[in-house]
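In: A predicted structure for the sequence below; I have some questions about it.
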Amino acid sequence: DSGVTQTPKHLITATGQRVTLRCSPRSGDLSVYWYQQSLDQGLQFLIQYYNGEERAKGNILERFSAQQFPDLHSELNLSSLELGDSALYFCASSVGAGGLYNEQFFGPGTRLTVL
Amino acid sequence: AQSVTQLDSHVSVSEGTPVLLRCNYSSSYSPSLFWYVQHPNKGLQLLLKYTSAATLVKGINGFEAEFKKSETSFHLTKPSAHMSDAAEYFCVVSDPKAAGNKLTFGGGTRVLVKP
């Protein structure tokens, strides 16, 4: 158990809908990261927040947004969902914002199915 | 830009025989390199990391990897495979000097261990 929690574990929804994925980092970690794992794109970095501020951005669609709250938990919002958004979404956390020894710990993931 | 190529999408070994998973990276700086493992329906677990100290890195569960700058490689090995090693393995690169801490994943190598 990495100490990173994600809810829900599974989510099934329809095209055009909006969903929110939630992540709680390990105690003491200030950075939260979101990754998407799909069969065609593999594992891709979406976005990083550090202590409430956006720190780095990857291949995140405009229909997706994220935030990190004062208690350091994070939410990833996915809207106008398409079939291709079906994937496993991972959250990870780390102590700092970057650097040599900034190991990331991954949560168990949320499996999103868009029908 | 950084990238990672895992040279084998699938590797099949017999229990008790050596395992070799090949990884080449491309980076314009001195990268941090990692190997992560993903067991079926589980999150990602860090096996080992290279952060510019010793070029031979020892990880958990008997795995080790050698950083070879001249060959831009970071191959993962284990002397004797166990049934519990059946999983997907990801070679990962990051830039320790970047403002953020984005991880770039290889395509993954799925390991099958035969009894």
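Out: All right, it came through fine. What you see is a predicted model; the values in this text were computed from it and never measured.
In: all contacts plus neighbour counts: C-alpha atoms, from now on.
Out: OK.
In: does residue A:55 really touch residue B:102, like I thought?
Out: No. Look at residue A:55 against residue B:102 with Cα atoms under 8 Å: they stay out of range, at 9.5 Å.
In: Please name the bridge partners of the most centrally placed residue in chain B.
Out: Compute the mean C-alpha point of chain B, and by Cα atoms, centre = their mean the closest residue is residue B:35, 3.2 Å away. Beta-bridge partners of residue B:35, counted by DSSP bridges, are residue B:48, residue B:91.
In: Next one: it from residue A:76, what distance?
Out: To residue A:76, residue B:35 is 26 Å away according to Cα to Cα, to the nearest Å.
In: which regions of chain B sit below the pLDDT cut-off?
Out: In the predicted model of chain B, no residue satisfies pLDDT under 70.
In: Quick one: name the residues of it near chain A.
Out: B:32, B:42-46, B:51, B:95-107 (Cα under 8 Å from any Cα of the partner chain).
In: Now go through these and say which are in strands.
Out: When the residues of chain B next to chain A are checked against strands (DSSP state E), the matches are B:32, B:44, B:45, B:46, B:104, B:105.
In: what's the overlap in contacts for residue A:55 and residue B:102?
Out: residue A:48 (Cα atoms under 8 Å, 6 or more residues apart in numbering or on different chains).
In: who has more neighbours, the two?
Out: Applying other Cα atoms under 10 Å in any protein chain shown to residue A:55 and residue B:102 shows that residue B:102 carries more neighbours, namely 26 against 19.
In: Excluding residues flanking it in the chain, which one is nearest the residue of chain B most remote from its centre?
Out: What lies farthest from the middle of chain B is residue B:99; by Cα atoms, centre = their mean that is 23.9 Å. Distance criterion Cα to Cα, 6 or more residues apart in numbering or on different chains; nearest residue to residue B:99, sequence neighbours excluded, is residue A:98 at 6.5 Å.
In: so how many other residues sit close to the one you found?
Out: Residue A:98: 22 surrounding residues under other Cα under 10 Å.
In: thinking again about what came up before, check the ones in strands among the residues of chain B next to chain A and tell me the two furthest apart.
Out: Farthest pair in those (Cα to Cα) is B:32 and B:44. Separation: 17.4 Å.
In: ok, the two, which is more surrounded?
Out: For residue B:32 versus residue B:44, neighbours defined as other Cα under 10 Å are more numerous around residue B:44 (23 against 20).
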